[in-house]
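K.L.:
A predicted structure for the sequence below; I have some questions about it.
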Amino acid sequence: MVAQNIAFGVMVGIMGLSAIRVVTTRNVVHAALYLMVVLATVAGLFLLLGAEFLGITQVLIYIGAVIVLFLFGIMLTGARIGKEKLLSHRNKVPALMIATVITAVSIYAAIDYFGADKLPEETRTSTKEVANSLFSQYIIPFEVASVLLLAALIGAIVIARREPHEENLTK
Amino acid sequence: MTATIFAAAETSTEAAHQATGWFLDNIWILPLMPALSFFAILFLGKKMRCRGSDPGLLTTGLALAFSIAAGIQWLGSVGEGGTLPVVGEWKWYSAAGFDLSVGTLVDGLTIAMIFVVSLVSFLVHVYSTDYVKGDRRYTHYFAFLSLFTASMLLLVISNSTIQMIVAWELVGVCSFSLISHWWEDKSNSGAGLKAMLTNRVGDIGLLIGVAILFFAAGGTFSVLEINSLALSGGISHLVLLVAACALLAAVASKSGQFPLYTWLPDAMAGPTPVSALIHAATMVVAGVFLVARLYGVFFEGFAIAGSSINLLALIGAATTIFGATLAFAQTDIKRVLAYSTISQLGYMVMALGVGAWTAAIFHLFTHAFFKACLFLGSGSVSHAAGGTFDMRKMGGLKQHMPHTYKTFLIASLALAGVAPLAGFWSKDEILAGTGGWGIFGGTGGNGAYTLMIVMGLITTALTAAYMTRCVYMTFHGDYRGEGHPHESGKRIVVPLWVLAGLATVAGLVNLPKGFQLVPKSWTERFGHFIEPHGVTYFPKIEHATPSWTLGIFSIIVAGAGISLTVLYIKRKQQIAERTSQSKLASVGYNILVNKYYLDHLYSGIITKTVRGPLAAGVNRFDKTVIDGVVNAAGKTSVAAGNIIYNQIDQKIVDGLVNATAIQTEEAGEELRKIQTGKVQHYGSIMFASAIVFTLLIIIFI
Amino acid sequence: MTVTQFVIASAVLFSIGVYGVLVRRSAVMVLMSVELILNSVNINLVAFGALHDNIAGEVFALFVITVAAAEVGVGLALVLLIFRNRKNINIHEVDLMKG
């Protein structure tokens, strides 16, 4: 148990620091790389909770695909590779206040409701269980998700596609 | 098969038996054919030599043949003790212990509807190949005609309310895209949008109604089960009333009932065959069909039996008078017909409201033929008169297009309710069904709806009058337009004659009970085959026996409407001619004018002494009394029409709509101040309020 | 391990994400912050799933990942469009919805 707690502490520490760097760094590419670290530590938390399949999915999809997508986005929107001055607004105080209050309220609520509720010793769930559940009880959300992905695919292409007349404009 | 639970609980000597037949069991093929045609035209239409019309023609022709075959099999299986409907059901999917199934339901109502839909659709396809020839969206037009036919057929064979919603929306989409077919013109796309938005109001009612019935009936969408439960008292009366009112909103929007009829006249912006198919004969009766299909719900919900007034009948009666008076104030021939359609739909809804189910469906059946004929005729007229629909630019077309004139006249007389054409029989049956007998002395009926019979009779007179005006302005007098009118081609004239023929004979399929001129077995054939009996999903409704007095009186009323209008128009023309000192004598002179001739003839040839007091007296009587009556009657109806159009329709109905918009605008004016347009401001407000609500939950719960 | 520590970790991550959404000027950075928020939700889902020994938490986290992937795809397409039309992706300047 101690080992788990140490692992948890280390991961949450890295996660928190990296997350703060994601929202404060002045370098867009660094922000994306820090985001990758956060996502990796979240995957670690999933493994700690016994959710193997989810952890692997997190690595594959988030770190493998989403980060690459972000890097492409950064590249295509002409961001400077290097420090940028105006990546954040000047008046950060209201946002900071809101974020602090949210943290405080959530932590209070969590401690108030769950206190020291221990998680079960054995929380491991096998991929087989996930698959069984996904393809029987949750088959309709699963199908809907596939439609959603198709819609997002087509939508992204349609939105980002350069119209012929726009091309003329840029020339 | 769930049909077994609907076995007869009625007091019949013979038990109801199950109808069977290959076509009845496989009715699902029917909507499939035009649906396939839709995709064929959509994907391949432009490459075809016919540019997409042939698949539509072929499949609607096949659908017509299929419908007739199914009809014959149905007629063969109707027994004296009642007939159970043919139900086909397939599980679509099941989730969380709930099975959603799709299926077909074939009973008399379905048979009547599929026949009307496929016949009118087929004729409109034939007509369209000529009418929209060379149109820039010819392929698109035929694709949507096919889709419409498929959706309408799907609607009428549905056995579940959820399936009906799907088809209901599909016909709405087709209606929308065909109204705005020539969308380059802003007013056309506006009309399409208006139709769509008005119908959305009703669709919300439909969704609410279906949801209420779903839960009230214990989680089923099956039409038969819902009706059976409603009739056996399985659902409380209050729930049924709420559901029926919600569904009534859908009926009002789709079938152009007061106060949601405003989209229908504008819908005439679409091509004329579309108006004939969708906005006269088939789609707009979807609302009537919905009431007829869920009649158990409406019958119990509005407590139709033994009552003398209810919302359904009242809305129908109000609509029928409104539509008929509004038709007077129009100069566009299609708008006259559109208001006439509204009026006739009001008739059907009123009939359903008073419990005359069979009469309503029968009127739907006959109305489809003569109104489709009228619309197609108006399209033919417009082709001849250079594309205009303005009756002021027509006139005198009788000589130029004899076929169109004859068919239009037959259909007008049928609509006006002149015996023995179709409209007379169905309209009289509705009047009889009101049971508001008074002096007419018939028997039967479900209640005593005296108000409804009065409204119905007034409408009969008005209908006759405005149709006479319409025919007169279009076909008689002198041609007032430009160019040389000509008769339309065969593909337009033949459908007109088919429909005119049906408008003539369709009334004979349901001669009233107690009609002594024919053997008893010839009467009420339509009711016998179409109305479900010996089943639990349909209420036991009382059939009325009309009296001769009523029939004759309604003919007199219609005749009075026609002749007063003729007299009024001719008088007006004579006055005009006199002021312009025209020598054109033969065309516009009326009976009363001929009387003058007669007087002169007498005075010239026989004797000059007779002339004097007698002639002068006759002349004065003619000038003052007869002219006065004729002019007053004519002017009053036109004035009433104008007043209702200008005051009530334009000010109150439109005013209410506008007031809502103004309120919304003012509220928006106030609220715009917090809209900075900056996403992160919105984000801050959102997160801040979310955390405030969270705090409240933590503190108080 | 207690469930509270996971919930607290998730709350911290969530707040950092909210802060990022509110202060970042670049639309791409806002999208990254949204990813932080979505991940914090996933931690909660899995933790509660483990607490109640219920597979549903894990399954829904999977759906969240699916939706997040779709969101990033469409979101970045929108950002590209904004960039093409305005030559920058500063979302503070995109205020056509101003009332």
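P.N.:
Ah, there it is. Residues are numbered from 1 along each chain as shown, chains lettered A, B, ... in the order given.
K.L.:
Where do the helices of chain A begin and end?
P.N.:
Across chain A, reading from the start of the chain, the helices by DSSP state H fall at A:2-24, A:28-48, A:52-57, A:67-76, A:93-114, A:127-135, A:139-160, A:164-170.
K.L.:
got JSON lines for these, with distance to chain B and mean neighbour count too?
P.N.:
Using the backbone N, CA and C atoms, a C-beta is placed for each residue, glycine as well. Output for the helices of chain A, formatted as JSON lines (distance: least, CB to the nearest CB, whole Å; neighbours: other CB atoms under 10 Å in any protein chain shown):
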{"stretch": "helix A:2-24", "distance to chain B": "13", "mean neighbour count": "17"}
{"stretch": "helix A:28-48", "distance to chain B": "17", "mean neighbour count": "22"}
{"stretch": "helix A:52-57", "distance to chain B": "24", "mean neighbour count": "20"}
{"stretch": "helix A:67-76", "distance to chain B": "17", "mean neighbour count": "17"}
{"stretch": "helix A:93-114", "distance to chain B": "5", "mean neighbour count": "17"}
{"stretch": "helix A:127-135", "distance to chain B": "13", "mean neighbour count": "14"}
{"stretch": "helix A:139-160", "distance to chain B": "5", "mean neighbour count": "14"}
{"stretch": "helix A:164-170", "distance to chain B": "20", "mean neighbour count": "8"}
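K.L.:
Just give me the lowest mean pLDDT stretch among those helices.
P.N.:
Comparing mean pLDDT over the helices of chain A, the weakest stretch is helix A:164-170, at a mean of 57.
K.L.:
For residue 135, give me its contacts.
P.N.:
I went with chain A, as the question did not name one. residue A:142 (CB atoms under 8 Å, 6 or more residues apart in numbering or on different chains).
K.L.:
Chain B is the one I meant
P.N.:
Contact criterion CB under 8 Å, 6+ apart gives B:141, B:271 as the residues in contact with residue B:135.
K.L.:
can you do 7 Å?
P.N.:
Contact partners of residue B:135, counting by CB atoms under 7 Å, 6 or more residues apart in numbering or on different chains, are residue B:141.
K.L.:
same question, the one 10 residues further on
P.N.:
Contact criterion CB under 7 Å, 6+ apart gives B:56, B:125, B:128 as the residues in contact with residue B:145.
K.L.:
now, which of the residues you listed sits nearest chain A?
P.N.:
For those, the minimum distance to chain A (CB to the nearest CB) is 29.6 Å, reached by residue B:56.
K.L.:
Find me the pLDDT at that closest one, would you?
P.N.:
For residue B:56, the pLDDT comes out at 84.
K.L.:
burial count for it?
P.N.:
Applying the criterion other CB atoms under 10 Å in any protein chain shown, we find 30 residues in the vicinity of residue B:56.
K.L.:
which SSE is it in?
P.N.:
When secondary structure is defined using DSSP states H and E, the element that contains residue B:56 is helix B:53-77.
K.L.:
Show me which positions of that helix end up buried.
P.N.:
Residues of helix B:53-77 classed as buried under the neighbour-count rule (16 or more other CB atoms under 10 Å in any protein chain shown) are B:53-57, B:59-64, B:66-68, B:70-71, B:73-74, B:77.
K.L.:
Please name the nearest non-neighbouring residue to the residue nearest the centre of chain A.
P.N.:
Ranked by distance to the mean C-alpha position of chain A (CA atoms, centre = their mean), the top residue is residue A:39 at 5.7 Å. The shortest distance from residue A:39 to any non-neighbouring residue, by CB to CB, 6 or more residues apart in numbering or on different chains, is to residue A:62 (4.4 Å).
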